[in-house]
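> The following comprises the amino acid sequence and a computationally predicted model.
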Number of protein chains: 2
Amino acid sequence: MVRIEQDILGKNDGIAAANRRWLAERAIFALNLVSSPGSGKTTLLVKTIEALSGQIPVSVVEGDQQTSHDADRIRATGAPAIQVNTGKGCHLDAHMVGQALERLAPEPGSLLMIENVGNLVCPAAFDLGEAHKVVILSVTEGEDKPLKYPDMFHAADLMLLSKVDLLPHLNFDVDLCIEYARRVKPGLPVIQVSTVSGDGMADWLDWLAAGLAGAASPSTTRG
Amino acid sequence: MVRIEQDILGKNDGIAAANRRWLAERAIFALNLVSSPGSGKTTLLVKTIEALSGQIPVSVVEGDQQTSHDADRIRATGAPAIQVNTGKGCHLDAHMVGQALERLAPEPGSLLMIENVGNLVCPAAFDLGEAHKVVILSVTEGEDKPLKYPDMFHAADLMLLSKVDLLPHLNFDVDLCIEYARRVKPGLPVIQVSTVSGDGMADWLDWLAAGLAGAASPSTTRG
């Protein structure tokens, strides 16, 4: 089984590298959004697309076991979206994303958001060709998740701590949670966000703008 | 890959059947608790053990990728608990539970709670030998999760809708969520619970008592 797993991951990594080259050639900044089910990824995407409207084109790949609810929600904003249903599968893979890219045909210089299946385990191992994995953790989930699902937090380059508007109603220690996340991934940047109050959205949009600028500048293109 | 998957599941089912016989011989009522990360499974277990204290012995198998936090929390109640770390794995399997049962040696006539890895995909396919899967869905996760992760809700015999104390602060439609769950699994019983307010705990304890009575009566033992 270990050998089969290595073969699957090796093949995936080859396709992911091709996706990454394809994206780099077009200066497209691609993010792989990973989290538990219900962390608020789709709502965050909708608010992000609305905020960038008229400035930066955004296209979206939506991963779910079943339904096209999320792609429908994205399309309602006017942004193009492709829904990938994974069936029994617990994550997107590079081949699925490569095929979706052909159909989406995102504009050069645009932002590509890949919303993975809600799962804190499986998506960690699968490179899709993204510039960064962004892990979203809702404050309703408890502080200890980075320690209990370390692979995912280690794989991420940014943590969005979501639904912070609910903090007054919860027993959740923000500092402890960030300490746990940085124990797994030293120096991990963290942005606290709420799509309800708008807290942190400006910081998130600044982070995206910096990434888009980097994707447009070949000298900082990731290998 | 399909053949390998069938072999793995076939082998798992054989061990699960052996676990089920072992539990039935001892009139132990075993539940497999499944949910997203952070739905409140461990807190619910702690409150349940406290409520049953002096009446029904409870033992716990805790599944997590990493850490022994949850088993530590259970042991602080005085109940015996075994932590199983799945490493890269996204679910418990019947072999892990069989080994844990040997070490736990739960009392005849007792309640065995198996807290699976927080994951709405992988644990659905793996029978552990339990009487029932119980799916816990937090109201912070959104109404649509039964449709997006149908295998898990189809596999469950009870849905606990958790953290209902937070409903006043959320935009969550309880009736719609239950309708979605029953679209996937017609007639699925639902109990709305909060470990903060205590809402629904009496119904949950009644459901457990009925299951324990059934486990003690051979005529209702599941095949």
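Perfect, I can see it now.
> Can you tell me the element the residue nearest the centre of chain A falls in?
Central residue of chain A (CA atoms, centre = their mean): residue A:33, 1.3 Å from the mean position. With elements taken from DSSP states H and E, the one containing residue A:33 is strand A:29-35.
> Give the burial count for residue A:105, as a bare number.
9 (other CB atoms under 10 Å in any protein chain shown). Quick note: C-beta positions are derived from backbone N, CA and C, even for glycine.
> Next one: it from residue A:84, what distance?
According to CB to CB, to the nearest Å, residue A:105 and residue A:84 sit 16 Å apart.
> per-residue pLDDT, the residue nearest to residue A:116 when sequence neighbours are not counted?
Closest residue in space to residue A:116, ignoring its immediate chain neighbours: residue A:123 at 4.4 Å, by CB to CB, 6 or more residues apart in numbering or on different chains. Note on residue A:123: pLDDT of 97.
> Repeat that for the one 3 residues further on.
Among the per-residue scores, residue A:126 holds a pLDDT of 97.
> picking up where we left off before, was I right to think the residue nearest to residue A:116 contacts residue A:34?
Yes. Counting by CB atoms under 8 Å, residue A:34 is a contact partner of residue A:123 at 4.8 Å.
> which stretches of chain A form helices?
For chain A, the helices defined by DSSP state H cover A:2-25, A:41-52, A:69-75, A:94-104, A:145-148, A:150-155, A:174-184, A:201-216.
> pLDDT below threshold where in chain A?
A:1-2, A:218-223 (pLDDT under 70).
> what residues does chain A put near chain B?
Within chain A, the positions lying close to chain B (CB under 8 Å from any CB of the partner chain) are A:1, A:4, A:36-38, A:64-67, A:69, A:88-90, A:117-122, A:125, A:138, A:140-142, A:144-145, A:147-151, A:163, A:166, A:169-170.
> Derive a PyMOL selection command for the buried subset of those.
Remark: buried members of those, expressed as a PyMOL selection using 16 or more other CB atoms under 10 Å in any protein chain shown:
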select buried, chain A and resi 36+37+38+64+65+66+67+69+89+90+117+118+119+120+121+122+125+138+140+141+142+144+145+147+148+149+150+151+163+166+169+170
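> In contact with residue A:212, which residues?
Contacts for residue A:212 (CB atoms under 8 Å, 6 or more residues apart in numbering or on different chains) come out as A:29, A:56, A:109, A:111.
> what does residue A:165 give?
A:194, A:196, A:197, A:199.
> same check, this time on residue A:194
Per CB under 8 Å, 6+ apart, neighbours of residue A:194: A:162, A:163, A:164, A:165, A:200.
> got it, and residue A:73?
A:42, A:46.
> shared neighbours of residue A:123 and residue A:34, anything?
A:116, A:133, A:152.
> would a markdown table of those with neighbour count be doable?
Shown next, in a markdown table, are these (neighbours: other CB atoms under 10 Å in any protein chain shown):
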| residue | neighbour count |
| --- | --- |
| A:116 | 27 |
| A:133 | 23 |
| A:152 | 28 |
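> which residues are in contact with the strand holding residue A:33?
So strand A:29-35 is contacted by A:19, A:23, A:41, A:44-45, A:110-116, A:118-120, A:123-124, A:128-138, A:152, A:155-156, A:208, A:211-212, A:214-215 (CB under 8 Å, 6+ apart).
> tell me the angle of that strand relative to helix A:201-216?
If you take axes from the mean of the first three to the mean of the last three CA atoms, to 10 degrees, strand A:29-35 sits at 140 degrees to helix A:201-216.
> quick check: angle from strand A:29-35 to helix A:2-25?
Going by the same axes, to 10 degrees, strand A:29-35 makes 140 degrees with helix A:2-25.
> partners of strand A:29-35, with directions?
Using DSSP bridges, strand A:29-35 pairs in its sheet with strand A:111-115 (parallel), strand A:132-138 (parallel).
> got a list of contacts for the shortest one?
This means strand A:111-115. By CB under 8 Å, 6+ apart, strand A:111-115 touches A:23, A:28-33, A:41-42, A:45, A:48, A:52, A:56-63, A:70, A:92, A:97, A:101, A:104, A:106, A:128, A:130, A:208, A:212.
> make it 7 Å
A:23, A:28-33, A:41-42, A:45, A:56, A:58-63, A:70, A:92, A:97, A:106, A:128, A:130, A:208, A:212 (CB atoms under 7 Å, 6 or more residues apart in numbering or on different chains).
> Of the residues you listed, which qualify as buried by neighbour count?
By 16+ other CB under 10 Å, the contacts of strand A:111-115 give A:23, A:28-33, A:41-42, A:45, A:56, A:58-63, A:70, A:92, A:97, A:106, A:128, A:130, A:208, A:212 as buried.
> Show the contacting residues for residue A:46.
Residues near residue A:46 by CB under 7 Å, 6+ apart: A:73, A:74, A:77.
> tell me which of those is nearest to residue A:14?
residue A:74 (28.7 Å; CB to CB).
> residues touching that closest one, list them.
Per CB under 7 Å, 6+ apart, neighbours of residue A:74: A:45, A:46, A:60, A:62, A:81.
> Pick out the most distant pair among the residues you listed.
Longest span within the contacts of residue A:74, CB to CB: A:46 and A:62, 11.7 Å.
> picking that back up, could you look over the helices of chain A and pick the most buried one?
helix A:145-148 (a mean of 22; mean count of other CB atoms under 10 Å in any protein chain shown).
> And that one, how far out from the chain middle?
18 Å (CA atoms, centre = their mean, to the nearest Å).
> Point out the other elements, helices or strands, that that helix touches.
When contacts are defined as 3 or more CB pairs under 7 Å, 6 or more residues apart in numbering or on different chains; DSSP states H and E, helix A:145-148 sits against helix A:174-184.
> How about residue A:135: what's its closest non-neighbour residue?
If the residues on either side of it in the chain are set aside, residue A:135 comes closest to residue A:156, at 3.8 Å by CB to CB, 6+ apart.
> what's the spacing between the one you found and residue A:38?
Plainly put, residue A:156 is 18 Å away from residue A:38 if you go by CB to CB.
> so which of the helices of chain A gets nearest residue B:187?
Here helix A:69-75 is closest among the helices of chain A (CB to CB), at 23.7 Å.
> Convert the C-alpha atoms of the closest one to PDB, please.
This file holds the C-alpha atoms of helix A:69-75, laid out as PDB (Å, rounded to 0.1, in the frame of the first residue of the first chain):
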ATOM      1  CA  HIS A  69     -24.300  24.400  -4.500                       C
ATOM      2  CA  ASP A  70     -21.000  26.100  -4.100                       C
ATOM      3  CA  ALA A  71     -20.300  26.700  -7.800                       C
ATOM      4  CA  ASP A  72     -23.900  28.000  -8.100                       C
ATOM      5  CA  ARG A  73     -23.200  30.500  -5.200                       C
ATOM      6  CA  ILE A  74     -20.000  31.600  -6.900                       C
ATOM      7  CA  ARG A  75     -21.600  32.000 -10.400                       C
END
